[in-house]
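Trainee: Could you look at this predicted model? Sequence included:
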Amino acid sequence: MKKAIYYRLIILTLFSIAIYGLVAATITTVNTQNQTEEWLTTLTFATAELYNYNDDVNLLSQTAGGNRVTVIAPNGDVIADSSVTYVTMENRADREEVRYATANEVFILIRTSATLGEQFMYATLVMRNGNILRLAYSYPSFLYNLFLQLPAMLTATLATFVLSIFLATKFTKTVTGPLEIVMHSLSKRNYEDLLEYHSPYPEVNSIMHGIEPLLQQISNSQQSLQFEQEKVNHVLANMAEGFVLVDYEETILLCNHAVKGFFNADQTTDFVGKSLLELVNEKSINLATEKAFGRGKSSMFEMVMHDDLILNVHVSPTHQKSERTGMYGATLLFVDVTSDKLLEKQKREFFSNASHELKTPITSILGFSEMINQNIITTDEQKTEILHRIETEARRMSELINNLLLISKLEAGSSTTIEHSDFNFNDVVQEAIDSVSPVKDNKTIEVELNSVDMTVYANKQQLYEMCVNLIENAVKYNKPDGRVTVGLTTKKGYAILKIRDTGIGIPNEHQARIFERFFRVDYGRDKKVGGSGLGLSIVKHIVNIYNGEINLKSRKDVGTTIEIRLPIVRDE
C-alpha cells in the first residue's frame with residue numbers, strides 16, 4: 001500500500017506537469033502567433049507604401065527585415081520575387097493568400113511553401129496599382145515551438161518532480177506509518193504491543209483490537225497445517241513411486257515428481273487443480289478411476305510405457321464420499337517394476353540357457369556310455385574315439401560350471417575382498433596370448449602384441465581371465481589367415497588394453513547385448529567353435545569391479561575392437 005500511494009502521487013504529479021506544460025505551450029504559441037500576425041500586418045502596410053516609391057523587391061526585402069517579398073499581378077503571374085527568379089515561377093492565382101487578398105485589409109495565412117519547402121506566414125495586400133504584395137515570414141510549426149520551450153519545461157518538470165518526491169514521501173509515511181507498526185507487530189506476533197499502541201487514526205485502533213483473537217487462532221492453525229504439509233511434501237518428493245490424488249471430478253489435488261517422469265510430463269508444471277487427463281490420458285486408467293468413483297472399487301494392473309517402462313498401477317477409492325454427489329475420490333499409485341520384470345526374465349533365461357548348456361554334454365556322455373556298456377562299440381579304434389569325445393564333453397561341462405562359479409563369485413564379491421598385489425600387466429597379457437592357440441578350425445591366426453611394461457595393483461587371476469576371454473574370442477571368431485592385434489598402454493593412471501581383430505564382426509542390432517550371459521550372435525557357429533557364451537559377461541564383471549570402462553566398436557565382416565580402461569596403474 002505504501003508503494004502504491006507513493007507511486008500514484010508521483011504519477012499524478014507528473015501527469016499534472018505534463019498537462020500544464022502542454023496547455024502553457026499552447027497558450028504561448030497562440031499568443032506568439034497573434035503577436036506575429038499583428039507585426040506582419042503592420043509590416044505589410046509599410047512595405048506597400050514604400051513600393052509606391054521604389055519597386056525594387058530586393059531593397060524592400062532588406063527593409064522588411066530580410067523577409068521574402070513577392071509582387072503578383074491580378075491574373076496570378078509573378079512580377080517580382082526577392083528569393084526566387086520570378087520568370088521560372090508558375091502562376092499563383094490558385095494560392096489561397098492570392099485569391100483572398102483585398103485592398104483594405106491584410107490577409108494572413110500559414111502554410112508550407114511548395115517552392116522552398118518551408119512553413120511560412122503569408123501576408124497579402126492589393127496595392128494602389130492593382131498588383132498584389134505578398135510578404136512571407138518563416139514561421140515554425142507548433143511542434144517546433146514546443147521543442148524550443150522544451151528546456152524550460154524539462155527544468156520546471158525536474159524541479160517539480162524532486163519536490164513531489166519529497167512531499168509524496170512525507171505524505172505516504174503519515175498515512176501508512178501506523179499500519180506499518182501494526183503489520184510489524186503482527187509479523188512478530190507481538191500482541192501485547194498491539195494492545196498498548198494507540199494510533200492517531202481511530203480506524204486503525206479498531207482494527208487492531210478486533211482482529212487479535214482471530215489472528216491468534218489463524219496463527220496456530222497455520223503452524224499446524226504447515227507442519228502437516230511439510231510432512232506430506234517430504235514424503236511425496238522422496239517417493240520413487242508416482243502418486244496422484246484426485247476428486248470425483250478428476251481434478252488433481254496432489255501429485256509428485258515421480259509420476260511426471262513416468263508420463264514424460266514437464267517437471268516444472270504444477271498439475272494441482274488441473275484435470276487428470278492433462279497428466280495421464282490412458283484408457284485403462286480412465287476405466288479404473290470411473291470404477292473407483294462410481295462403485296468404490298479398487299483396481300490393480302500393469303502398463304507398458306515408453307522405453308520398455310513397466311508400471312504396476314493401483315487405483316483405490318477414497319474412504320469418504322462427496323456429500324453433494326455421493327461419489328468417491330481416488331488415489332493412483334504407480335510403481336516401477338521394470339527392474340523386477342527384467343530380473344525375472346534374466347533369471348528365466350539364465351536357468352534355461354544353463355540347463356540347455358549342461359544338458360547337451362551330459363546327454364552325449366550318457367549316450368556314449370550306453371554304447372560302450374551294450375557292446376555296440378567293438379573295435380579298440382572306435383572305443384578310443386568315443387572316450388576322446390566323452391573327455392571333450394566332460395571338459396566342456398567343467399568349463400561351463402567353472403565359468404558359472406566365477407560369475408557368481410564376481411557378482412557376490414568386490415575388489416576389496418579379493419587379494420591384490422603389484423605385478424607387471426604386460427607379463428599377464430603375454431601369458432594369456434601364449435595360452436590361446438592361434439590355430440582354430442584349421443586356419444592360422446596371427447596374434448601381434450604392442451605393449452609397454454607397467455606395474456598395476458589388482459588381482460592377477462582376474463586380469464588373466466579377462467585377457468584370455470578377450471583374446472580367445474578374437475581368435476575364435478576370426479577369418480582364415482586373420483590377424484589379432486593386442487595393445488597395452490597407460491595414460492593418467494589408467495591401463496588401456498585394446499584388442500582388435502579382422503574377424504566376422506558383430507551386427508549393430510546385437511552389440512548392446514553382447515555382454516549378456518549366454519548371448520550368442522550366431523548360435524550355430526558358436527556351437528561349432530565351442531565356448532560357453534559366458535566369456536564377455538565375465539569380462540564385463542571384472543571391469544566393473546575395478547570401476548573401469550569398456551568400449552566396443554564392430555562392423556560386420558570387417559572386425560571388432562574392444563578397449564578396456566582400468567584405473568589400476570601404480571604411480572611411478
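Mentor: Ah, there it is. Residues are numbered from 1 along each chain as shown.
Trainee: C-alpha only now, for contacts and for neighbours.
Mentor: Will do.
Trainee: Report how many residues lie close to T42.
Mentor: Other residues within reach of T42, judged by other CA atoms under 10 Å, total 12.
Trainee: confidence score at it?
Mentor: Note on T42: pLDDT of 88.
Trainee: Helix, strand, or coil at it?
Mentor: Assigned with DSSP: H, G, I helix; E, B strand; the rest coil, T42 falls in the helix class.
Trainee: what does R111 give?
Mentor: Strictly by three-state DSSP, R111 counts as strand.
Trainee: Same check on the one 10 residues further on?
Mentor: Following three-state DSSP, we place M121 in the strand state.
Trainee: is it in a bridge, and if so with what?
Mentor: I110, Y137 (DSSP bridges).
Trainee: Please tell me how far it sits from S138.
Mentor: To S138, M121 is 6 Å away according to CA to CA, to the nearest Å.
Trainee: who has more neighbours, these two?
Mentor: M121 (20 against 16).
Trainee: OK, contacts around the more buried one?
Mentor: I108, L109, I110, R111, A136, Y137, S138, Y139 (CA atoms under 8 Å, 6 or more residues apart in numbering).
Trainee: can you tell me which strand in the chain is longest?
Mentor: strand 310-321 (DSSP state E).
Trainee: Report the strands that pair with that one, each with its relative direction.
Mentor: Counting by DSSP bridges, strand 310-321 is paired with strand 299-304 (antiparallel), strand 328-336 (antiparallel).
Trainee: Can I take it that N129 is in a helix?
Mentor: No: counting by three-state DSSP, N129 is not found in a helix; it is coil.
Trainee: What about it, how many residues nearby?
Mentor: For N129, using other CA under 10 Å, the count is 9.
Trainee: Retrieve the pLDDT associated with it.
Mentor: 86.
Trainee: Tell me how far it lies from L463.
Mentor: Applying CA to CA to N129 and L463 gives a distance of 126 Å.
Trainee: Might one say that V280 is in contact with F263?
Mentor: Yes: here V280 reaches F263: they are 6.9 Å apart, a contact under CA atoms under 8 Å.
Trainee: where's the strand or helix carrying S16 relative to the chain centroid, distance-wise?
Mentor: For S16, the host element (DSSP states H and E) is helix 2-51. Here helix 2-51 is found 56 Å from its chain centre; the criterion is CA atoms, centre = their mean, to the nearest Å.
Trainee: Past that helix, which element shows up next along the chain?
Mentor: Criterion used, DSSP H and E; the element after helix 2-51 is helix 57-63.
Trainee: C-terminal to the least confident helix or strand in the chain by mean pLDDT, what's the next element?
Mentor: The helix or strand of the chain with the poorest confidence is helix 523-529; it has a mean of 49 (mean pLDDT, DSSP states H and E). Per DSSP H and E, the first helix or strand lying C-terminal to helix 523-529 is helix 535-545.
Trainee: Extract the CA atoms of that following helix and return them as CSV.
Mentor: Output of helix 535-545 as CSV, limited to C-alpha atoms (Å, rounded to 0.1, in the frame of the first residue of the first chain):
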residue,chain,number,x,y,z
GLY,A,535,33.3,-65.1,-21.7
LEU,A,536,32.3,-61.5,-22.4
SER,A,537,30.0,-61.5,-19.4
ILE,A,538,32.9,-62.4,-17.2
VAL,A,539,35.0,-59.6,-18.8
LYS,A,540,32.2,-57.1,-18.0
HIS,A,541,32.0,-58.1,-14.4
ILE,A,542,35.8,-57.9,-13.9
VAL,A,543,35.9,-54.4,-15.5
ASN,A,544,33.0,-53.3,-13.2
ILE,A,545,34.9,-54.5,-10.1
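Trainee: which helices and strands does that helix pack with?
Mentor: helix 380-412, helix 460-476, strand 549-555 (3 or more CA pairs under 8 Å, 6 or more residues apart in numbering; DSSP states H and E).
Trainee: Can you tell me which of these is most buried?
Mentor: Of those, the one with the most neighbours on average (mean count of other CA atoms under 10 Å) is helix 460-476, at a mean of 21.
Trainee: what's it packed up against?
Mentor: Looks like helix 460-476 contacts helix 425-435, strand 483-491, strand 494-501, helix 535-545 (3+ CA pairs under 8 Å, 6+ apart).
Trainee: Contacts only, for A495.
Mentor: A495 neighbours (CA under 8 Å, 6+ apart): V456, L488, T489, I564, R565, L566, P567, I568, V569.
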